[in-house]
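S.K.: need coordinates for the following:
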Amino acid sequence: RLVVSGHIKSWGIIYDESDRKPLGRVVARLFNAKFNKLAATQITDRKGRYQFLAGDGDYYVTYEKLGYHPYRQEVDLKGSEAEVVDKDVGLKKQ
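M.R.: Numbering: from 1, shown residues only. Got it, this is the predicted structure:
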């Protein structure tokens, strides 16, 4: 018998936009957009993986790494209880 398990990706990946290789040690910060307040901070692992658990509201995530342009991404979680923020993002070199 063959069983194929459905694997659900539960993290986002930060990668170099030019060669699509994952970037480690990127600082990802989750902010509450309404109050402009820092909610959480993550540093990506060597495979570029990160994730945030956030509740109902408007958020934005910033991504920063030396040698790359900072990136900001809006996240709308209105009407949801608890969601995982796990978007794949490409960073451009400076």
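S.K.: which secondary element of the protein has the worst mean pLDDT?
M.R.: Here the helix or strand of the chain ranked lowest by mean pLDDT, DSSP states H and E is strand 83-85, holding a mean of 88.
S.K.: in that one, what counts as buried?
M.R.: If you call a residue buried by 16 or more other C-beta atoms under 10 Å, then strand 83-85 has these buried ones: residue 85. Using the backbone N, CA and C atoms, a C-beta is placed for each residue, glycine as well.
S.K.: can you count the residues close to residue 42?
M.R.: By the criterion of other C-beta atoms under 10 Å, residue 42 has 19 neighbours.
S.K.: excluding its backbone neighbours, what's nearest residue 83?
M.R.: residue 77 (5.0 Å; C-beta to C-beta, 6 or more residues apart in numbering).
S.K.: quick check: that neighbour vs residue 48, distance?
M.R.: Distance, residue 77 to residue 48, using C-beta to C-beta, to the nearest Å: 23 Å.
S.K.: and the two? Which one has more around it.
M.R.: Using other C-beta under 10 Å, the more surrounded residue of residue 77 and residue 48 is residue 48, with 21 against 16.
S.K.: specify the beta-bridge partners of the residue lying closest to that one once chain neighbours are set aside.
M.R.: Excluding the flanking residues, the one nearest residue 48 by C-beta to C-beta, 6+ apart is residue 22, at 3.1 Å. Here residue 22 sits in beta bridges with residue 15, going by DSSP bridges.
S.K.: again, but for residue 68
M.R.: Beta bridges link residue 68 to residue 93, judged by DSSP bridges.
S.K.: which residues sit in contact with it?
M.R.: Residue 68 sits next to 16, 23, 26, 91, 92, 93, 94 when contact means C-beta atoms under 8 Å, 6 or more residues apart in numbering.
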